[in-house]
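Peer 1: need coordinates for the below:
(one chain, ligands or ions: 1)
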Amino acid sequence: MRKNIVAGNWKMNTTVQEGVSLAQEVNALLKDAKTNCDVVICVPFTHLTAVNAVIDQNKLGLGAENCSEHDKGAYTGEVSAQMVASTGANYVILGHSERRQYFGENNEQLATKTRKALDNNLKPIFCVGEVLEERENGTYNDVVSSQLEALFGLSAEDFGKVVIAYEPVWAIGTGKTATADQAQDMHAHIRKVIADKYGKEVADATSILYGGSCKPTNAKELFAKPDVDGGLIGGAALKADSFMGIVEAFN
Ligand code: PEP
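Peer 2: Reported below is the predicted structural model:
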């Protein structure tokens with residue numbers, strides 16, 4: 001059956017030194033904890049190698065927050081999936097709403113990035129989600145369906161390696177969480193779209209995480225919903241105790 005996952009997204013926060021300390025803290029708390037989910041931290045490119053050196057990846061997975069759609073060459077400032085994998089990371093967030101909004105990432109690029117990630121044995125955490133206007137004008141299911149189409153060139157086997165994160169943009173970093181019922185409705189919709197494309201078995205095996213102002217105080221209610229398989233956590237992942245509070249929501 002599908003896995004429960006709590007993944008942190010540190011975004012553009014912490015120096016390498018601060019990031020190593022935070023990773024060490026999370027790693028230490030996990031060492032003796034009994035958890036009922038996989039735990040992952042996705043950190044800036046600059047931090048990957050140093051963080052990998054201080055965590056036990058049997059307990060704490062490591063990921064990047066993006067990767068290039070290109071393999072190598074004259075793309076100044078870009079970081080390829082192969083480079084990410086060579087740090088020891090096993091995951092990569094793709095299609096975060098901030099990448100879509102500020103860097104214009106579209107379905108075509110995201111399809112290529114997903115391919116590159118999978119070719120380098122990175123597990124994509126593929127983000128989808130509507131903006132406030134789309135929530136309010138009722139087009140949110142269609143918006144998310146069309147974002148998922150970026151993945152639909154994948155074989156069923158490859159699709160099975162992808163984690164989906166539903167992150168309503170209006171809930172990211174705003175303190176405004178989707179209600180557990182809103183999250184469940186969208187997660188059920190996503191699972192149905194996947195089932196229509198790949199069949200029920202693949203859909204039932206896909207982990208679908210919720211992201212958007214998830215905190216220790218609301219995680220339990222969200223994660224109790226049948227189609228919510230964990231969370232992608234921004235702000236609350238920057239403090240070891242609040243991140244662990246969310247991990248413990250599965251206990
Ligand atoms: C995110 O950006 O992935 C996120 C969920 O952020 P926050 O938890 O801060 O809303």
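Peer 1: need phi/psi at the residue in the stretch 151-251 of the chain positioned nearest to the ligand.
Peer 2: Using CB to the nearest ligand atom, the closest approach of the stretch 151-251 of the chain to the ligand is made by Gly234 at 2.1 Å. Just so you know, the C-beta spots here come from the backbone N, C-alpha and C atoms, and that holds for glycine as well. With angles defined as degrees, to the nearest 10, Gly234 sits at phi -90, psi -100.
Peer 1: chain neighbours aside, what residue packs nearest to it?
Peer 2: Asn9 (5.2 Å; CB to CB, 6 or more residues apart in numbering).
Peer 1: what sits against the spatially closest residue to Phe243 that is not a sequence neighbour?
Peer 2: Excluding the flanking residues, the one nearest Phe243 by CB to CB, 6+ apart is Ala237, at 4.8 Å. Residues in contact with Ala237 (CB atoms under 8 Å, 6 or more residues apart in numbering) are 8-10, 41, 243.
Peer 1: of all these, which comes closest to the ligand?
Peer 2: Out of the contacts of Ala237, the member with the shortest distance to the ligand (by CB to the nearest ligand atom) is Asn9, at 4.2 Å.
Peer 1: looking at this, Met12 is in a strand?
Peer 2: No - applying DSSP: H, G, I helix; E, B strand; the rest coil, one finds Met12 to be coil, outside a strand.
Peer 1: is it correct that it is in contact with Phe45?
Peer 2: No - assessed by CB atoms under 8 Å, Met12 is found out of contact with Phe45, at 10.5 Å.
Peer 1: so which of these two has more stuff around it?
Peer 2: For the pair Met12 and Phe45, the greater number of neighbours falls to Phe45 (16 against 7), based on other CB atoms under 10 Å.
Peer 1: now the more buried one. Nearest residue, chain neighbours left out?
Peer 2: Nearest to Phe45 is Val79, by CB to CB, 6+ apart, at 5.0 Å.
Peer 1: repeat that for Gln109.
Peer 2: Glu69 is the one closest to Gln109 (CB to CB, 6+ apart), at 5.1 Å.
Peer 1: what pairs with the closest residue in space to His96 that isn't next to it in sequence across the strands?
Peer 2: Nearest residue to His96, sequence neighbours excluded (CB to CB, 6+ apart): Cys127, at 4.8 Å. For Cys127, the beta-bridge partners under DSSP bridges are Ala165.
Peer 1: pull up the gap between Cys127 and Lys192, please.
Peer 2: Here Cys127 is placed at a distance of 19 Å from Lys192 (CB to CB, to the nearest Å).
Peer 1: also Phe126?
Peer 2: Going from Phe126 to Lys192 by CB to CB gives 17 Å.
Peer 1: could you do Asp38 as well?
Peer 2: As judged by CB to CB, Asp38 and Lys192 stand 24 Å apart.
Peer 1: how about Lys113?
Peer 2: Using CB to CB, one obtains 25 Å as the distance from Lys113 to Lys192.
Peer 1: and if you look at Leu151?
Peer 2: Distance from Leu151 to Lys192, by CB to CB: 15 Å.
Peer 1: now swap in Val16 and tell me
Peer 2: Counting by CB to CB, the gap from Val16 to Lys192 is 42 Å.
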